[in-house]
Structures are given as C-alpha cells and as structure tokens.
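> dropping the sequence and predicted coords here.
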Protein chains: 2
Amino acid sequence: MCQLLGMNANTPTDVTFSFSGLATRADEHKDGFGIAFFEGCGLRHFVDHHSARHSPLAELVKRYPIKSDNVIAHIRKATQGQVSLENTHPFQRELWGRYWVFAHNGNLVDFNPRLHAAFKPVGQTDSERAFCWLMQELAKAHASVPSIEELSRTLRELVPQLARHGTFNMLLSNGQALWAHNSTHLHYLLRAHPFGRVRLRDEDLSVDFAEHTTVNDRVAVIATEPLTRDEPWVAFTPGQLEVFVGGALRR
Amino acid sequence: MCQLLGMNANTPTDVTFSFSGLATRADEHKDGFGIAFFEGCGLRHFVDHHSARHSPLAELVKRYPIKSDNVIAHIRKATQGQVSLENTHPFQRELWGRYWVFAHNGNLVDFNPRLHAAFKPVGQTDSERAFCWLMQELAKAHASVPSIEELSRTLRELVPQLARHGTFNMLLSNGQALWAHNSTHLHYLLRAHPFGRVRLRDEDLSVDFAEHTTVNDRVAVIATEPLTRDEPWVAFTPGQLEVFVGGALRR
C-alpha cells in the first residue's frame, strides 16, 4: 500500500521528523516518492521514481528543514501506470492563480471520466485522472477562488463520486488548507501546547517538540498509519472528509 | 541580469557541468534560482528563492547527475515582483496532457494581457503573465498537442507580440523540444562527435566529454553568455527564435 503524509500548521514547520518516519516504511514501496511544500502560495515539488530509501532527493528532504505551512508527501507502490516520473505523486496543477497538490492512496476501477476542460493527465494513473476531474469540476463550480468553506462543500459533493469507484484515500491542498478523505486507511493527529518528546514508531528516533515550538504553535499531521508512539492519533471513518486550517480541524 | 540555461539532447544527459558554470555567476543574482528536468514527459522541478551560491538545492543539482533530454534553468535578479518562491523561474503548467516549462530574462513594461482562460499567474511577475498568455494562446490555436513544426509556427506569431513590450529572452520546453527566443543576450552551442576537453569560463573546472559520450550523442546548450572557453558559441540575433530537437537546430 502507498503511504500518505500531510502536514498543516499555523506556523511554517518542518516535516523532517515525520518524513523520516514515512521513509522507513519505503522498503516495500520502491516505486517512487514525492513531496510538495507550500510556502504561502509558492510551491516546492520534489518527485523521484526511485525508492525513498535510496533517493538523494529523499536524503535532502530529511536533512534540509524546509519550513512550510502545508505539506503533502506520498510513497508509491504502483497499482496502475508504470513506474515513471510522470506517474509519481503528488501531482500539481494551477487553478484560479493558485497551485493545487494532490496525492492518492488506493485504486479506482474502471475510472475514465470525461476530461473535456483544461486539465489533462500527463501520466497513466487512475490517481492523476481523479485529480484532473476534481480540478475540472471545481473550476466549473466556482468562477474564482472560493472560501475554504465553499470549497469544502463542493468537495463533499465531488469526492464521493470518485470514492465509489474503489479506494480513495487522498490529500489535497491549495496552500490555504489541507483536505483529507478516507476510504480505508487514514489517521490524523493534532499537536499543540504543551509539546513533549515524541518517538517514531518504526525507527529509533525521537524529538522533543518543546524545544522547537512556541505555545501558540499548532500542527496537524495526517498519515496512512500513525507515525509516532504515545500520541493520540485518530482514525478516520470510511467516507470521512476533513479540512485542516492553521493546524486545526475546521468544522 | 538574470541568467538562462537550456539543454536539449538526443540522449539523456546531465547538466552538472554547465550548471556549475551558471551557479558561479550567481553572486550578483541572489534572488533565487530554479531548474526543471524533463525525463520523457515527466518533470522534476526545483525552485529556491535563496541564492544559488548557498542553496542546498543547488548543491544537490551540482552533485546529483540527473539525466535529462530537456533542461531549463534560471538564476534570478528580480526586476518585477518580490523575492519569493512563487516568483522564481522556471514556471510550470500543463497543457494538452504535457508539462510546459518557461523561463524569462528581461523586463516587459506595462504588460497586462487579458488572461481569460485556464492559465492564471500565481505570483506577480511580468514573466509568469507572459507564460500564462503564451499557454492561453497556444491552447486557442491548437485543439490538441500539435507537431513541433506547427508549434514553432504559432510561437513565431505569438512571441513578437510579447517581445515588443520590452526585453524577452526566453526558454520554453514541453519535453519534446526546446524553444529559445532572443531580444538582447542569448547564445547557443551544438556539441557533437568528436567531443573533447572543455573548460568553464568562470571557474577552474574542466571536463573531458569524450569520456562521457558516444559518437552518436548530440547536445545543444543555450545560455545567456557562453559558459565555456574554446567552443564555438553562436550569438542569437535580436528577434531570433529557434527550436532545438534531439540536440540539434531544427529549421
């Protein structure tokens, strides 16, 4: 299974710790990895179709603390589409003068939507087709960039139409908010004051977030499986779609 | 002045040597750098709004020999738009199921085109506006991805409309070909068999391409100023637009 990682924070925050947790799971996921960091509306987007275990890019991400308020990462186990750069998540498009980033875990069966507008897939995956369809339908539903609430409302109408084709665990961000939808496997964690020492589940690595944070910092981490021990990870229920803004759940 | 670097080759080739030459010129160009590598229709896109002299990303690019058939790099000296990630070249969009990459050196004055279609700027630069306008007009001119010859013909109609607003040295690629337009400063070099030892102009660094190439390899390098000594760089004339395919000029 692919691994998803999302981060949404109210202060630019680095994900080197969480990404290390994700990358240790990359042994069975040799089909590429990608990570996208928003800085305001700007975007850094790294993809590699080599394993996150051996990629010099993954090494850079683990060592270079890029501060970001919205991050989406993906480690791929190919289900559809060959192992190549154009099939590596997350995918990126521009809509309404904003970059959008999307990553998907799961498999959509017989999903060949009509893509008649400005968003066409470059690769061959069901995931990129789903992203292009989402962008197309969002563009039809709103003339310019709507509020986060309006976007969430539209996504609650659109996403179930994708999810019924199979498994659709996904992360989506435009740099203002991070949307997460669960079909089968997705968890979130809200970190806030008081911060403490946290240990990764899969690796002998810990970090004391109290040393790196202020009392006002809030960070939401979304991942396929909990990345750390001793923290209150919450499992999404099937069909649950949530939006994270400023490191908190927006409801 | 910003520095442009383009590479088009008939065999995936690394640009570590040329990029080193470009990065040494980054002392006066502290406002960010970016580089995009096509691998087939897949794309790696690195941007940093820190100087290419000090960026860990630039370090990665210099050391990690990413093999690519089309590369566009840019070192920025800001003329319009603040120094931020979203204003860092090269810019990227998708059209007809292909990624397009664009970098610009120069300054367009009072250039505020009507952008009524699917391509909107994320940042504030004249360059990104020019790119969005080009994508919009290409999308209007062709229903799906046309031949390189047809694209060149359309670009020869469109680009002069941009160039008359100021200085428009630019590089554009969709992974199949690389287009280069000159207003004031642009040079190209065609490397082919027999390859020899080459020295960078600005740095005490040389490479023997004969060790790294076969007799069939062809590489075109396009740069604001010649990067090497002892090679037959050709200066573009004002208004000249060329397309490079498979490491050669296509005329």
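Looks like it came in fine.

> contacts and neighbour counts: CA atoms only from here.
Will do.

> please list the residues of chain A that sit near chain B.
Selection of chain A residues close to chain B by Cα under 8 Å from any Cα of the partner chain yields A:39, A:41-48, A:56-57, A:60, A:64, A:84-87, A:93-99, A:118-123.

> how does it look with 10 Å?
A:38-49, A:56-57, A:60-61, A:63-64, A:84-88, A:92-99, A:117-123, A:139 (Cα under 10 Å from any Cα of the partner chain).

> what is the one residue sitting closest to the centre of chain A paired to in the beta sheet?
Compute the mean C-alpha point of chain A, and by Cα atoms, centre = their mean the closest residue is A:Ile72, 3.3 Å away. Note on A:Ile72: beta-bridge partners A:Gly6, A:Ala36, judged by DSSP bridges.

> so of the residues of chain A next to chain B, which ones are in helices?
A:56-57, A:60-61, A:63, A:139 (DSSP state H).

> who wins on neighbours among the residues you listed?
With neighbours taken as other Cα atoms under 10 Å in any protein chain shown, the top of these is A:Leu57, carrying 22 neighbours.

> surely that one and A:Val47 touch.
Yes. Using Cα atoms under 10 Å, A:Leu57 is in contact with A:Val47, at 8.0 Å.

> so what sits against both of these two?
Shared contacts of A:Leu57 and A:Val47, defined by Cα atoms under 10 Å, 6 or more residues apart in numbering or on different chains, comprise A:33-35.

> pull out the buried members of the residues of chain A next to chain B.
A:38-49, A:56-57, A:61, A:84-88, A:92-96, A:98-99, A:118-123, A:139 (16 or more other Cα atoms under 10 Å in any protein chain shown).

> quick one: which of those sit in strands?
Residues of these located in strands (DSSP state E): A:38-39, A:42-48, A:92-95, A:98-99.

> so which of those is the closest to chain B?
A:Gly42 (4.0 Å; Cα to the nearest Cα).

> what sits against the nearest residue to the closest one once chain neighbours are set aside?
Using Cα to Cα, 6 or more residues apart in numbering or on different chains and skipping the chain neighbours, the partner closest in space to A:Gly42 is B:Glu86 (4.0 Å). Contact analysis of B:Glu86 by Cα under 10 Å, 6+ apart lists A:38-44, A:98-99, B:47-49, B:121-125, B:128.

> kindly check the end-to-end length of stretch A:142-149 for me.
Using Cα to Cα, to the nearest Å, the end-to-end distance of stretch A:142-149 comes to 12 Å.

> got a list of contacts for it?
For stretch A:142-149, contacts defined as Cα under 10 Å, 6+ apart pick out A:95-98, A:138-139, A:150-155, A:174, A:176-179, A:243-245, A:250-251.

> now a ChimeraX select for only the buried ones of the residues you listed.
Buried residues within the contacts of stretch A:142-149, by 16+ other Cα under 10 Å, are selected in ChimeraX with:
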select /A:95,96,98,138,139,151,152,154,155,174,176,177,178,179,243,244,245
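
> quick one: the helices in the stretch 101-250 of chain A, in order.
A:126-141, A:148-163 (DSSP state H, counting those that start in this stretch).

> hang on, the earlier thing: and the gap between the residue nearest to the centre of chain A and B:Val198?
Between A:Ile72 and B:Val198 the computed distance is 42 Å (Cα to Cα).

> count the residues that sit near A:Phe19.
Residues lying near A:Phe19 (other Cα under 10 Å) number 20.

> swap in A:Val198?
18.

> pull the contacting residues for it.
Shown in contact with A:Val198 (Cα under 10 Å, 6+ apart): A:17, A:205-210, A:227-231.

> out of those, which sit inside strands?
If you go by DSSP E, those have A:206-208 in strands.

> which residues touch the closest residue in space to A:Leu178 that isn't next to it in sequence?
The shortest distance from A:Leu178 to any non-neighbouring residue, by Cα to Cα, 6+ apart, is to A:Phe244 (5.1 Å). If you count contacts by Cα under 10 Å, 6+ apart, A:Phe244 has them with A:6-9, A:70, A:148, A:173, A:176-180, A:190, A:219-222, A:250-251.

> how about the residue nearest to A:Thr214 when sequence neighbours are not counted, phi and psi?
Nearest residue to A:Thr214 in three dimensions, chain neighbours excluded: A:His193, at 7.7 Å (Cα to Cα, 6+ apart). When read as degrees, to the nearest 10, the backbone of A:His193 gives phi -60, psi 140.

> so A:His193 makes contact with A:Ala210?
Yes. Taking contacts as Cα under 10 Å, A:His193 lies within contact range of A:Ala210: 8.2 Å.

> nearest to chain B: which residue in the stretch 51-200 of chain A?
Using Cα to the nearest Cα, A:Glu86 is the residue of the stretch 51-200 of chain A that sits closest to chain B, at 4.0 Å.

> need the pLDDT of that residue.
Predicted confidence (pLDDT) for A:Glu86: 94.

> cool, and A:Val122?
Listed pLDDT for A:Val122 reads 97.

> how near is the closest residue to it other than its chain neighbours to B:Val145?
In space, A:Val122 comes closest to B:Gly97 once its chain neighbours are excluded; the distance is 4.4 Å by Cα to Cα, 6+ apart. Per Cα to Cα, B:Gly97 is found 8 Å from B:Val145.

> list the contacts for the residue nearest to A:Val122?
The neighbours of B:Gly97, taking Cα under 10 Å, 6+ apart as the test, are A:118-123, B:41, B:144-145.

> how does it look with 8 Å?
Counting by Cα atoms under 8 Å, 6 or more residues apart in numbering or on different chains, B:Gly97 touches A:119-123.

> what do you get for A:Leu158?
Contacts of A:Leu158 (Cα under 8 Å, 6+ apart): A:134, A:137.

> A:Leu4 in helix, strand or coil?
Following DSSP: H, G, I helix; E, B strand; the rest coil, A:Leu4 is assigned to strand.

> I'd say it and A:Ala103 touch.
Yes. With contact defined as Cα atoms under 8 Å, A:Leu4 and A:Ala103 form a contacting pair (7.3 Å).

> which one's more surrounded, those two?
Neighbour totals were compared for A:Leu4 and A:Ala103, and A:Ala103 leads with 32 against 29 (other Cα under 10 Å).

> might one say that the more buried one is in contact with A:His74?
Yes. Between A:Ala103 and A:His74 there is a contact under Cα under 8 Å: 6.4 Å.

> common neighbours of these two, please.
With Cα under 8 Å, 6+ apart as the test, A:Ala103 and A:His74 both reach A:4, A:89-90.

> could you find the closest non-adjacent residue to A:Leu138?
Excluding its sequence neighbours, the residue lying closest to A:Leu138 (Cα to Cα, 6+ apart) is A:Thr154, at 7.3 Å.

> same question for A:Met1.
Nearest non-adjacent residue to A:Met1, counting by Cα to Cα, 6+ apart: A:Lys77, 5.9 Å away.
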